[in-house]
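In: how does the following fold in three dimensions:
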Amino acid sequence: MRTPLRSMPFLLAVIALSSGLARADVTYPDGPQITKDGTAVVIEDYARLPISSRTVPPFGEQTNNLNDQLARVNFLRSEPANAPLSSTRFFVCDNNRNLYILSRTNNALSTNAFTAYINFEHIFPKFYNHDGLSSGLITVQFDPEYATNGKFYTLHNENPTKAGSAAPTNGFLPGIDFTGYTTTPAVNPPAGAVVWETVLVEWTDTNLNNATFEGTAREILRVGINSDMHPMGDLLFNPLARPGDSDYRNLYIASADGGAGEDPGGPHTTPQRLDALQGKILRITPDINLHPADQLSDNGRYRIPTTGADPNPFVGLSLPNLRKEIFAYGFRNCHRISWDPVSNLMIEDDIGLNSWEEVNIIHEGANYGYAEREGPEQLFVANGQTGSQLGIPFTNSDALTVTGIVGTVTPIYPVATYSHEDGDSISSGFVYRGQLMPQLYGKYIFGDITTGRIFYCDLAEMIANDDGDRNTLATIHELQIVYNGQARRLFDIVANEYRARGGSISGRALPGGANATNGRDIDGVPYGSGRADIRLGMDSDGELYVMSKSDGMIRRLVSVVVPPTVNLISATNGVVTLTWSAISNRVYRVQYKNSMAETNWTDIPGDVTATNGTASKIDPLGTTNRFYRLLMP
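Out: Below you'll find the model as predicted:
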């Protein structure tokens, strides 16, 4: 249902962003905490993916299951700017199987704008996309020298119990040469069964001037996980590193815990263990010729930064089976990492268990607490709740024991959190550095996967609260959404598109389920059940996109609607004139009250359509004192 922008009144007063939220002691809230400060973003449809579906054994590839998500789009990447076709195309991942090339010049709302570049299900016999929220093709990332060497990296999931060989086949893409391709032994967690394997592959395309893969591939790393969730989730290169720098072409890998931490049995300690790759951020060098003095991995496919000016932080520990690849540890589902080149900060989004969602600033060698901490609190996995939910005071000794480290370790806490009263699982996020929304420059913009809410924090406030105090947190604001000139919930936009494309889930607005927010938004309006299932993406110009799996859409954030600033209020001969800063072609409505004790506002007849950067309205006030406000209907 469309809702007019009457829900977005702007009082004629200065709206100031609050400073860091300092609290005596964090406790789990009994209701929503995130508020709207009046800032809204205009979003527009950008691309509509071809409908795709999971593969349901024992049948073949499914293409028309309209009872599930219509296309599980989860990543949008730009090629490096010096690549020959970078200005005309994106690379887009659909979890179900396809790495697409998306044209930036054609009508992207036509599914013809997508070209299947690599179909992972055709190539990898054990490719698995059936169960789990992150099954299938996960992500793609480009080597810093991609424009000259054609190298890029992908993550995908496989089922190790499926019969037959895991070796890939080139029957569907004859341009791929798999001569010499061999699989690697899986690096399994130290406890618990293995359900999935996530595979890191290096691809080398010998012709970047077309939309067909022609070249070779090499398996770099295979990691086992305990369940059908939380695989390796993201890949990143340091955008500031240059040839000759110690960090140049080092690959950072967000490696989630595979559900280990929430198991009160043996796997529980995996995120804290330095002999496990799961629940970590890893750093490796895929090019084994780049730093020949560094240690070669056990499988011989990459090097580990162990020498030079910036070795990985734990290379000097004495610990059996130490994983020297570890850069930071103590995460649950660190499914997304980003690097802001202006502040030179790596920022991680960690999906919580039952209570808190986290935004973390990453420090080399730091422990982020899971599964002994969630958000700013102590976590009791046997109950699945935090200390304040159970009435247990926070520990007097905020220290963790980590095998292999002498003494104890004080964990690092998030710089921003929100509870499951406000959402369900944090999406990807980016510090905005684009041109379309100057009002949001320098803000960290992220979202909630399930509800589709879009949030932001001030980066300077995040940095100020990266202070070691678990009780100081940056303020999170919700961005209101304007779509086709109307104030909308993104959840409803996705639900409407889902139905328009033939989606037909029974009894729910969207596929999937969630337990967050008691099924209602901050205003008490029901969502209708299901998941919008959103992620954010950023292009090479620093502009932002929202991808939603349930309706298979990509949308772009194109502008900001901010509270108008009143420049002048004048009264002459009983007539009041109000003049305010405006956005051209936007419609404004002026309302008044004779007393703030009155319940309702009254319209001054005649809406105003701005024709430039200012607009005005007159009111024959007479002798009555009045209070005014502006609406954008």
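In: so E543 makes contact with G434?
Out: Yes - counting by Cβ atoms under 8 Å, E543 touches G434, with 4.2 Å between them. The C-beta positions use only the backbone N, C-alpha and C, and glycine is treated the same way.
In: more neighbours, these two?
Out: The neighbour comparison of E543 against G434 (other Cβ atoms under 10 Å) goes to E543, with 19 against 16.
In: check what pLDDT that one gets.
Out: pLDDT recorded at E543 is 97.
In: got any ranges where the stretch 451-600 of the chain has weak pLDDT?
Out: For the stretch 451-600 of the chain, applying pLDDT under 70 flags the ranges 514-516, 583-585.
In: could you rerun that using 80?
Out: Across the stretch 451-600 of the chain, the ranges flagged by pLDDT under 80 are 513-518, 562-565, 582-586.
In: show me where the stretch 251-400 of the chain has strands.
Out: Along the stretch 251-400 of the chain, the segments classed as strands by DSSP state E, counting those that start in this stretch run 251-255, 280-284, 295-296, 303-304, 326-329, 333-340, 345-351, 356-361, 373-374, 377-380, 385-386.
In: got CSV for these, with distance to F127 and mean pLDDT too?
Out: CSV is the format used below for the strands of the stretch 251-400 of the chain (distance: least, Cβ to Cβ, whole Å; pLDDT from 0 to 100):
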stretch, distance to F127, mean pLDDT
strand 251-255, 20, 98
strand 280-284, 23, 98
strand 295-296, 28, 98
strand 303-304, 28, 98
strand 326-329, 28, 98
strand 333-340, 20, 97
strand 345-351, 24, 98
strand 356-361, 30, 98
strand 373-374, 32, 98
strand 377-380, 34, 97
strand 385-386, 37, 97
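In: among these, which is nearest F142?
Out: Nearest of the strands of the stretch 251-400 of the chain to F142, taken as Cβ to Cβ: strand 251-255 at 10.9 Å.
In: just checking: what are the partner strands of the closest one?
Out: On the basis of DSSP bridges, the sheet neighbours of strand 251-255 come out as strand 232-237 (antiparallel), strand 280-284 (antiparallel).
In: residues touching that strand, excluding its own?
Out: Identification of contacts with strand 251-255 by Cβ atoms under 8 Å, 6 or more residues apart in numbering yields 141, 153, 200, 221, 223, 232-238, 277-286, 327, 331, 334-337, 346, 348.
In: returning to what we had before: I'd like the strands paired with strand 251-255 laid out as JSON lines, including distance to T602 and mean neighbour count.
Out: Output for the strands paired with strand 251-255, formatted as JSON lines (distance: least, Cβ to Cβ, whole Å; neighbours: other Cβ atoms under 10 Å):
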{"stretch": "strand 232-237", "distance to T602": "52", "mean neighbour count": "23"}
{"stretch": "strand 280-284", "distance to T602": "56", "mean neighbour count": "24"}
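In: ok, which of these comes nearest D539?
Out: Using Cβ to Cβ as the measure, strand 232-237 is the one of the strands paired with strand 251-255 that comes nearest D539, at 15.7 Å.
In: may I ask you to name the longest strand in this structure?
Out: The longest strand of the chain (DSSP state E) is strand 35-48.
In: which residues touch the residue nearest to Y545 when sequence neighbours are not counted?
Out: Counting by Cβ to Cβ, 6 or more residues apart in numbering, Y545 lies nearest to G537, which is 4.4 Å off, once chain neighbours are set aside. By Cβ under 8 Å, 6+ apart, the contact set of G537 is 75-77, 428, 544-547, 554.
In: which residues in the stretch 101-250 of the chain form strands?
Out: Under DSSP E, counting those that start in this stretch, the stretch 101-250 of the chain gives strands at 114-119, 137-142, 151-158, 176-177, 196-205, 215-225, 232-237.
In: tabulate these (CSV), appending mean pLDDT and distance to G352.
Out: Output for the strands of the stretch 101-250 of the chain, formatted as CSV (pLDDT from 0 to 100; distance: least, Cβ to Cβ, whole Å):
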stretch, mean pLDDT, distance to G352
strand 114-119, 96, 33
strand 137-142, 98, 20
strand 151-158, 98, 22
strand 176-177, 94, 40
strand 196-205, 98, 21
strand 215-225, 97, 18
strand 232-237, 98, 15
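In: any chance of those in CSV, with distance to F380 too?
Out: Supplementary listing: the strands of the stretch 101-250 of the chain in CSV, determined by distance: least, Cβ to Cβ, whole Å:
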stretch, distance to F380
strand 114-119, 44
strand 137-142, 31
strand 151-158, 30
strand 176-177, 49
strand 196-205, 27
strand 215-225, 23
strand 232-237, 26
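In: among the ones you listed, which comes closest to A495?
Out: Closest approach to A495 among the strands of the stretch 101-250 of the chain (Cβ to Cβ): strand 114-119, 22.8 Å.
In: my read: H363 touches Y329, true?
Out: No - contact criterion Cβ under 8 Å: H363 and Y329 do not qualify, at 11.3 Å.
In: if you count surrounding residues, which of these two has more?
Out: For H363 and Y329, the more surrounded residue by other Cβ under 10 Å is Y329, and the numbers stand at 30 against 15.
In: roughly how far apart are the closest residue to the more buried one other than its chain neighbours and L251?
Out: Of all residues not flanking Y329 in the chain, K280 sits nearest, at 4.7 Å (Cβ to Cβ, 6+ apart). Separation of K280 from L251 (Cβ to Cβ, to the nearest Å) stands at 14 Å.
In: which stretches of the stretch 451-600 of the chain form strands?
Out: Under DSSP E, counting those that start in this stretch, the stretch 451-600 of the chain gives strands at 454-458, 472-473, 477-483, 486-488, 534-538, 544-548, 553-561, 566-572, 575-581, 587-593.
In: looking at those strands, which is closest to G31?
Out: Nearest to G31 among the strands of the stretch 451-600 of the chain is strand 477-483; the distance by Cβ to Cβ comes to 14.5 Å.
In: so what does the closest one touch, helix or strand wise?
Out: Contacts defined by 3 or more Cβ pairs under 8 Å, 6 or more residues apart in numbering; DSSP states H and E place strand 477-483 against strand 35-48, strand 454-458, strand 486-488, helix 490-500.
In: output it as PDB, restricted to C-alpha atoms.
Out: Provided in PDB are the C-alpha atoms of strand 477-483 (Å, rounded to 0.1, in the frame of the first residue of the first chain):
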ATOM      1  CA  HIS A 477      19.300   6.600  11.900                       C
ATOM      2  CA  GLU A 478      16.800   5.200   9.600                       C
ATOM      3  CA  LEU A 479      16.600   6.600   6.000                       C
ATOM      4  CA  GLN A 480      13.100   6.900   4.800                       C
ATOM      5  CA  ILE A 481      12.400   5.700   1.300                       C
ATOM      6  CA  VAL A 482      10.800   7.600  -1.600                       C
ATOM      7  CA  TYR A 483       9.800   5.500  -4.600                       C
END
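In: residues touching G434, list them.
Out: By Cβ under 8 Å, 6+ apart, G434 lies in contact with 441, 538, 541-544.
In: which of the helices or strands spans the residue at minimal distance from the centre of the chain?
Out: Centrality entry for the chain: nearest residue to the mean C-alpha point is S428, 0.8 Å, by Cα atoms, centre = their mean. If you go by DSSP states H and E, S428 is part of strand 426-431.
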